[in-house]
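Q: requesting a structural model of the entry that follows:
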Amino acid sequence: MESKLKELTGKFKALNFVLGKVDDAITACEKENLKRIETSPTTKMNGIYRAKEEVEELKFINEESKEDVQIWADEVETKLRNAREKIG
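A: Numbers count the residues shown, from 1 in each chain. Presented below is the predicted three-dimensional model:
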């Protein structure tokens, strides 16, 4: 499970990196650059959702409580919600 959590952390870092590019492009009004990178955050978020589901399953296999898994999942969802708000 540790490797999946590390993978999820890496995916969030990559998402934040891409979101920074979106912010920079918006600030610079680079419409052509925005067109190129507009799908990247969505692709990254889809990968995070898949990894999140895998980690949830591993947590249940490791007999973590439903409440603990829900708390962890809510934290991930909050991060994803914040990312979605950045891209509109």
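
Q: so where's the protein uncertain?
A: Scanning the chain for pLDDT under 70 picks out 22-38, 88.

Q: swap in 80 and give it another go.
A: 21-40, 86-88 (pLDDT under 80).

Q: can you give me the helices for it?
A: 2-27, 31-37, 40-61, 66-87 (DSSP state H).

Q: could you dump these into a markdown table with mean neighbour count added?
A: All C-beta spots, glycine's among them, are computed from the backbone N, C-alpha and C. Shown next, in a markdown table, are those (neighbours: other Cβ atoms under 10 Å):
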| stretch | mean neighbour count |
| --- | --- |
| helix 2-27 | 14 |
| helix 31-37 | 12 |
| helix 40-61 | 16 |
| helix 66-87 | 13 |
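
Q: roughly how far apart are Glu85 and Phe12?
A: Going from Glu85 to Phe12 by Cβ to Cβ, to the nearest Å gives 15 Å.

Q: again, but for Lys6
A: According to Cβ to Cβ, Lys6 stands 11 Å off from Phe12.

Q: go on, Thr43?
A: 14 Å.

Q: ditto for Val76
A: From Val76 to Phe12 the distance is 8 Å (Cβ to Cβ).

Q: so what sits against both of the two?
A: Between them, Val76 and Phe12 have Ile48 as joint contacts when contacts are counted by Cβ atoms under 8 Å, 6 or more residues apart in numbering.

Q: contacts only, for the nearest residue to Arg84 once chain neighbours are set aside.
A: Distances taken as Cβ to Cβ, 6 or more residues apart in numbering place Met45 nearest to Arg84, at 7.2 Å, with adjacent residues excluded. For Met45, the residues meeting the contact criterion (Cβ under 8 Å, 6+ apart) are 15, 80, 83-84.

Q: please redo it, this time with the cut-off set to 10 Å
A: By Cβ atoms under 10 Å, 6 or more residues apart in numbering, the contact set of Met45 is 11-12, 15, 18-19, 79-80, 83-84, 87.

Q: residues contacting the residue nearest to Ile87 when sequence neighbours are not counted?
A: Distance criterion Cβ to Cβ, 6+ apart; nearest residue to Ile87, sequence neighbours excluded, is Pro41 at 5.0 Å. Residues in contact with Pro41 (Cβ under 10 Å, 6+ apart) are 14-16, 18-19, 21-22, 83-84, 86-87.
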